[in-house]
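Build me a model from this:
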Amino acid sequence: MDIESFLRSAFGPLVLVVASKDAHKVCAENDVGFGELLRPFSSAPYESSLPNTAKTKAVSLQLRFMELEDLARPPRLLAQRLTSEAVARCQPPLDQVAADNLISNLAPSPWFDAYRRVFFHTVKAADHEFFNHPVACILAISSANPKPLAEFSSLFSQARPPRQFLDDSLSMDIPRFYVLLHDEATASLEHATSIFNEMKAAFGPANCHKLIINSNSGEQDSGVPDVWTPLLLRPAGRAGLLFNDMPSIASHRASISSQLADTISIASSVSSDPLRANSTATTTIDEQNLVLGPLSFAEPDDPSAESINTEPLVKRPCGQRLTPDDISRIKVLVAEFANVCLVPHMEQVIGHLQAHIAAARKGISRSFLSVTKKFFGGGSSAPPPVKPASPASSPIRSTGTTCTSVDPYSRRLADYAFMLQHYDLAMNTYQTIRKEERGTKNIAGAQEMYGLTVYLTEFHRSDAGRYLEAAVNAYLKSNATIYAVRATFLLFDFLQSRNQLREAVAALVRLASDDDLRSALLLEQAARCYFRMTPTPLLRHGAFQMIQAANRFGKCGQRQHALFCLAMCAKVYREHQWGLAEDHINYAVGRQASPLGFLDVALRAYSRLLVHENQTAAMQKAVMKDFVTTYTAWMAANSLNAATAASSRTSSPGGPPSNDSFMTPLQQQQQQ
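Below you'll find the predicted structure:
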């Protein structure tokens, strides 16, 4: 995904989705919620026009559908769980660890993109911007609901506001779009039509839509590809990101610790299984007497890190009850909502904000002229200006924010213009905010978005990085680490696109501090930047960053990612005769590869440790013990199916290679 597409999807209009239980039940036939059902079809083409201008342009609006339960900021541990599971489901290609061109032909890192996508999802509404404030709301019930109109009134009522809106940081004064879901298996079409007519009479024909889904009985393949699973943002084992249904964090950690303790006790009691014996043996080595390098690969600090759920979010492909006609109807729903409800409202808000800001500035000018005439003469003084009051029906009567900005109306105008891709208007407004704002966090937000608009409008595009850099520094100064990380992700994309890899490394390493998983990903990307530098890659610098990334991956339980980073480091140090560092990395590779079942990778690493004479007796004893245990486990696995082992002897890392590959380097020299 290019930078422009990512920015449109990350900062698109946020649409709140509120569905009744019966509506979720209809969508659950496809293993998704109502908001998840709409998410793959969030692109809505429309003709955009600014108020007071005759210019129009055709753009594709990227909507962000969010359930009401997802609107609140998730607890820190839950956010870490979401990002950890997203990274764990994108495992690195360990079948390439033995390739000679592993570093020169680096494969993409989809786990970094997966983390960034979930991270942007967990960044919620802030007090200095309006991007994560809902701009419209879709209410949905099913045709099987016994009291449809009453249900609509209770779903999103100002008389009984949801808990997410109790602190007045978010405004409920947003347009509503009413959707009637119809499943012919639960109600007749005539009954649905009757309810829909009542909806149009109560809420207006333009604000209502009837959506027919689940046309496939499920007995045969509908031919609809699963486009929902890659976009799911939920903890594993949950039908949706419903914080009310989540167990408490304390009980979750306790259950994880209990499961881990049971697993360890079972593993230690069963020694007849070579694979399991190898896994337990490698965890009982005396760490005090085995110091093979200056760095230490620590075990996970959090017991729950060892139980990262890498199972699929759903047991079967989503959308099994949908047909191509159902998909077409969903696309029509999204397009109608955007063109009839969302865009006209946002353009009206922009017009009112422009008029309000212009009147306020005009009043300030008149007041200054009045004071000048009073002290220096020049005629009768003008009456004091009166600040224009917005009418009750004005869409700007409530900013819906606790923003401490001097002029929150300007920030709202700029953000709405950015969402509708009017980048020239947004850039000019952000520029004004940068000059007039006083709060550090507000200045950081204006700097960040001004840099993005400069890039998107190609107005001195090379300066965009400077503004994003200033935004990161201002966010860090105001202790807004989450937004500093967000700005760093954006800055990294910009610097990569301009091949400014040294600057990208500096930006990434600066934020690699507190969170282990995020730090590991940032350090890994920094190492990749070193490997890609031209004309001469900085391999030792990159390997050092990779070692640190592997250490952080190991701490947060991402063993396979740690192994992949260590494998790249081993290829760098193997050619430079750095014995101590090479021994340290080889032993770490063996320790990480054995529990994962990559026994051949572990044996190759251990075999390289057996030829060095500068090790103590305790070190050699521990290495030899691990080597023998791993080799015994590999022989047992090899004897289970000799025919399969012979055919796949040189194919994958999971299959046993030739016996020559397990000879130590000294044995190979003697054989030659």
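
rest of the way, CA atoms for contacts and neighbours
Fine.

can you count the residues close to residue 83?
24 (other CA atoms under 10 Å).

wait, isn't it in contact with residue 112?
No - in this structure, residue 83 is not within contact of residue 112 by CA atoms under 8 Å, at 10.1 Å.

Read off the pLDDT value for residue 178.
Listed pLDDT for residue 178 reads 97.

List the contacts of it.
Counting by CA atoms under 8 Å, 6 or more residues apart in numbering, residue 178 makes contact with 138-140, 152, 199, 203, 207-209.

Of those, which is the most crowded?
residue 140 (29 neighbours).

neighbouring contacts of the helix or strand harbouring residue 435?
Residue 435 is located in helix 423-436, with elements delineated by DSSP states H and E. When contacts are defined by CA under 8 Å, 6+ apart, helix 423-436 is touched by residues 406, 410-411, 413-415, 417-418, 443, 446-447, 449-450, 453-454, 456-457.

right, and out of the contacts of residue 178, which lies closest to residue 504?
residue 138 (40.4 Å; CA to CA).

shaky segments in the stretch 151-300 of the chain?
Confidence mapping of the stretch 151-300 of the chain against pLDDT under 70 gives the ranges 236-300.

let's go with 50 and repeat that
Low-confidence segments of the stretch 151-300 of the chain (pLDDT under 50): 239-296.

where along it do the strands fall?
Using DSSP state E, counting those that start in this stretch, the strands of the stretch 151-300 of the chain run over 176-182, 208-212.

Distance from the last one to the middle of the chain?
What separates the centre of strand 208-212 from the centre of its chain is 31 Å, taken as CA atoms, centre = their mean, to the nearest Å.

Kindly report the same for stretch 108-117.
Centroid separation for stretch 108-117 versus its chain: 8 Å, with CA atoms, centre = their mean.

still on that earlier bit, go through the contacts of residue 178 and say which is closest to residue 130.
residue 138 (18.7 Å).

hang on, the closest one in a strand?
Yes - judged by DSSP: H, G, I helix; E, B strand; the rest coil, residue 138 forms part of a strand.

does it have beta-bridge partners, and which?
On the basis of DSSP bridges, residue 138 is bridged to residue 17, residue 177.

Packed most tightly, which of the strands of the stretch 151-300 of the chain would that be?
The highest average neighbour count among the strands of the stretch 151-300 of the chain, using mean count of other CA atoms under 10 Å, belongs to strand 176-182 at a mean of 24.

gap between that one and the chain center?
For strand 176-182, the distance to the chain centre is 29 Å (CA atoms, centre = their mean).

Also stretch 222-237?
So, by CA atoms, centre = their mean, the centroid of stretch 222-237 is 16 Å from its chain's centroid.

By average pLDDT, which secondary structure element in this structure comes out worst?
One helix or strand of the chain scores below all others by mean pLDDT, DSSP states H and E: helix 274-281, with a mean of 35.

Starting from residue 165, give me the distance back to residue 329.
32 Å (CA to CA, to the nearest Å).

Columns distance to residue 435 on top of the strands of the stretch 151-300 of the chain, output as JSON lines?
Output for the strands of the stretch 151-300 of the chain, formatted as JSON lines (distance: least, CA to CA, whole Å):
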{"stretch": "strand 176-182", "distance to residue 435": "36"}
{"stretch": "strand 208-212", "distance to residue 435": "44"}
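
which one of these lies closest to residue 471?
Closest approach to residue 471 among these (CA to CA): strand 176-182, 34.8 Å.

got the angle for that closest one vs strand 208-212?
Here strand 176-182 runs at an angle of 30 degrees relative to strand 208-212 (axes from the mean of the first three to the mean of the last three CA atoms, to 10 degrees).

Could I get the CA-only coordinates of strand 176-182 as CSV?
Provided in CSV are the C-alpha atoms of strand 176-182 (Å, rounded to 0.1, in the frame of the first residue of the first chain):
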residue,chain,number,x,y,z
ARG,A,176,-27.9,9.1,11.9
PHE,A,177,-28.5,6.6,9.1
TYR,A,178,-31.1,3.8,9.7
VAL,A,179,-30.5,0.4,8.3
LEU,A,180,-33.0,-2.5,8.3
LEU,A,181,-31.3,-5.9,7.9
HIS,A,182,-33.4,-8.6,6.4
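
Pass me the low-pLDDT residue ranges in the protein, would you?
Per-residue confidence for the chain (pLDDT under 50) gives these ranges: 239-296, 303-304, 368-369, 371-394, 397-406, 645, 649-650, 652-672.

can you give me the strands in it?
Ranges of strands within the chain are 14-19, 43-49, 56-62, 64-67, 136-142, 176-182, 208-212, based on DSSP state E.

would a markdown table of those with distance to residue 528 be doable?
Compiled in a markdown table, those are given as follows (distance: least, CA to CA, whole Å):
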| stretch | distance to residue 528 |
| --- | --- |
| strand 14-19 | 34 |
| strand 43-49 | 33 |
| strand 56-62 | 31 |
| strand 64-67 | 31 |
| strand 136-142 | 41 |
| strand 176-182 | 46 |
| strand 208-212 | 47 |
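
how about those strands, which one is nearest residue 586?
Across those, closest to residue 586 is strand 64-67 (CA to CA), at 45.7 Å.

Report the distance from that closest one to the chain centre.
Relative to the centre of its chain, strand 64-67 is centred 14 Å away, using CA atoms, centre = their mean.

swap in stretch 150-165?
29 Å.

From the opening residue of that stretch to its closing one, how far?
End-to-end span of stretch 150-165 (CA to CA): 21 Å.

now do stretch 156-167
For stretch 156-167, the first and last residues are 16 Å from each other (CA to CA).

who's in contact with that stretch?
Stretch 156-167 is contacted from outside by 18, 71-72, 139, 154, 170-172, using CA under 8 Å, 6+ apart.

Can you list phi and psi of residue 124 for me?
Reported as degrees, to the nearest 10, the phi and psi values for residue 124 are phi -110, psi -170.

Thought residue 38 was touching residue 335, still the case?
No - using CA under 8 Å, residue 335 is not in contact with residue 38; the gap is 11.2 Å.

burial count for residue 361?
Counted with other CA under 10 Å, the neighbours of residue 361 add up to 13.

ugh, wrong one, I meant residue 11
By other CA under 10 Å, the residues close to residue 11 number 19.

List the residues that contact residue 566.
546-547, 550, 585, 588-589.

where do the helices sit along the stretch 501-650 of the chain?
501-510, 516-532, 539-555, 559-573, 579-596, 599-607, 617-640, 642-647 (DSSP state H, counting those that start in this stretch).

what does the stretch 301-450 of the chain give?
Under DSSP H, counting those that start in this stretch, the stretch 301-450 of the chain gives helices at 324-336, 343-376, 408-419, 423-436, 440-456.

which secondary structure elements does the first one contact?
On a contact count with 3 or more CA pairs under 8 Å, 6 or more residues apart in numbering; DSSP states H and E, helix 324-336 meets strand 43-49, strand 208-212.

Residue 24 is nearest to which of the ones you listed?
Of these, nearest to residue 24 by CA to CA is strand 208-212, at 13.6 Å.

Partner strands of the closest one, with direction?
Paired strands of strand 208-212, with direction, are strand 176-182 (parallel) (DSSP bridges).

Which residue is the nearest non-sequential neighbour of residue 531?
Once flanking residues are discounted, residue 531 sits nearest to residue 537: 5.0 Å by CA to CA, 6 or more residues apart in numbering.

Give me the phi and psi angles of that neighbour.
For residue 537, the backbone dihedrals are phi -60, psi 140 (criterion: degrees, to the nearest 10).

of all the strands of the chain, which lies closest to residue 76?
Of all the strands of the chain, strand 64-67 sits nearest to residue 76, with 19.1 Å by CA to CA.

Sheet-wise, list the partners of the closest one with their directions.
Sheet pairing of strand 64-67 (DSSP bridges) gives strand 14-19 (parallel).
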